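In: need a structure here:
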Amino acid sequence: METAINRLTLRNKLRTYKKHPVSLIMFLLTVLAALVTVLVFVALIGYILIKGIPHLSPRLFEWEYNTENVSMMPAIINTLTVTGLSLLIAVPFGVFSAIYLVDYAKRGNQLVSLIRLTTETLAGIPSIVYGLFGYLMFNVTLRMGYSLLSGALTLAIMVLPTIMRTTEEALLAVPDSYREGSFGLGAGRLRTVFRIVLPSAMPGIMSGIILAIGRIVGETAALIYTAGTVTGVATDLFTSGCTLSVHLYVLLSEGFYTNEAYATAVILLILVVMINALSTLVTQKAASKGGTT
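Out: Have a look, this model is predicted:
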């Protein structure tokens, strides 16, 4: 039965493509684009794994960095610290700003349009410009020097537009009937937002946070100017320390540790996958919890 239905569907598609050859061309171009994307992704991941896995060794994970082991462990710890601190700063500002734009600001407000235009403009600024801004603002003006705090603040400003826009789109995707039903039952606006709207929009919000995590973990230019390239573990937030991506850049720029750089790229890839998987798990938990409340 299913085979007959599939054959009938295929015949209908062929008839449609014969009548509209442009549709066939667009279909083939779409399939080709998808295949090229998948092939490039597989080739990139395969190249990194093939070049890096053979050079992974226990000495790359020793606590202290030196010229003998070029350990990446300090960079991993600094990466996790910077990522957590950046999200701690950017997520509340991004989410609450989006809530104001969607649920509190008047529809058609000129200020809302200006904020959206500014956010989209900030999202397109190159990371090195953010790095120069962070250096002049936090390192020089506020006298933080090269520190993890300076780097985290710079990255928080960098990923804020991404979190804000994705959260806004997720909130706009929640049907107005949800809000109207909550208001009809006597709930206030604040309770409606936090008990009805946010749980429904949580998958979209977490998608923006995952994108922000990917940009933070992979960022290099902005951190070179703000957090510095010190290879040890930062003892506090006002101490300089390099992240994993900066550590990878330094190894490649020196030219003496190419094999270790490939191994570092493998760990960076694994770290991004683990963080994304954990974020996806949290998203699913939050969505299921929101659906049962």
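In: Locate the residue nearest the centre of the chain within the secondary structure: which element?
Out: Most central in the chain under CA atoms, centre = their mean is Leu211, positioned 1.9 Å from the mean C-alpha point. Using DSSP states H and E, Leu211 maps to helix 198-218.
In: picking that back up, contact partners for the residue nearest to the centre of the chain?
Out: The contact partners of Leu211, by CB atoms under 8 Å, 6 or more residues apart in numbering, come to Val159, Thr162, Thr166. For the C-beta atoms, the positions are set from N, CA and C on the backbone; glycine is no exception.
In: Quick check: the second one touching Ala212?
Out: In other words, Thr162. Yes: with contacts counted by CB atoms under 8 Å, Thr162 reaches Ala212, the gap being 5.3 Å.
In: Looking at these two, which is more packed in?
Out: Just comparing Thr162 and Ala212: by other CB atoms under 10 Å the higher neighbour count belongs to Ala212, 26 against 21.
In: Quick one: residues contacting that one.
Out: Ala212 touches Ser86, Leu87, Ala90, Val91, Val159, Thr162, Ile163, counting by CB under 8 Å, 6+ apart.
In: Mind checking which of the residues you listed land in helices?
Out: Those of the contacts of Ala212 mapping onto helices are Ser86, Leu87, Ala90, Val91, Val159, Thr162, Ile163, per DSSP state H.
In: could these be laid out in a markdown table, adding distance to Tyr135 and pLDDT?
Out: Shown next, in a markdown table, are these (distance: CB to CB, whole Å; pLDDT from 0 to 100):
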| residue | distance to Tyr135 | pLDDT |
| --- | --- | --- |
| Ser86 | 16 | 93 |
| Leu87 | 22 | 92 |
| Ala90 | 19 | 93 |
| Val91 | 24 | 92 |
| Val159 | 18 | 92 |
| Thr162 | 22 | 90 |
| Ile163 | 23 | 92 |
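In: so which of these comes closest to Val36?
Out: Nearest to Val36 out of the ones in helices among the contacts of Ala212 is Thr162 (CB to CB; 25.6 Å).
In: Tabulate the contacts of Leu211 (a markdown table), appending distance to Gln284.
Out: What follows is those, written out as a markdown table (distance: CB to CB, whole Å):
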| residue | distance to Gln284 |
| --- | --- |
| Val159 | 22 |
| Thr162 | 21 |
| Thr166 | 17 |
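In: For Gly228, what is the enclosing helix or strand?
Out: Here Gly228 is assigned to no helix or strand, by DSSP H and E.
In: what sits against it?
Out: By CB under 8 Å, 6+ apart, the contact set of Gly228 is Tyr146, Ser147, Ser240, Gly241, Cys242.
In: quick check, nearest of these to Ile25?
Out: Cys242 (49.3 Å).
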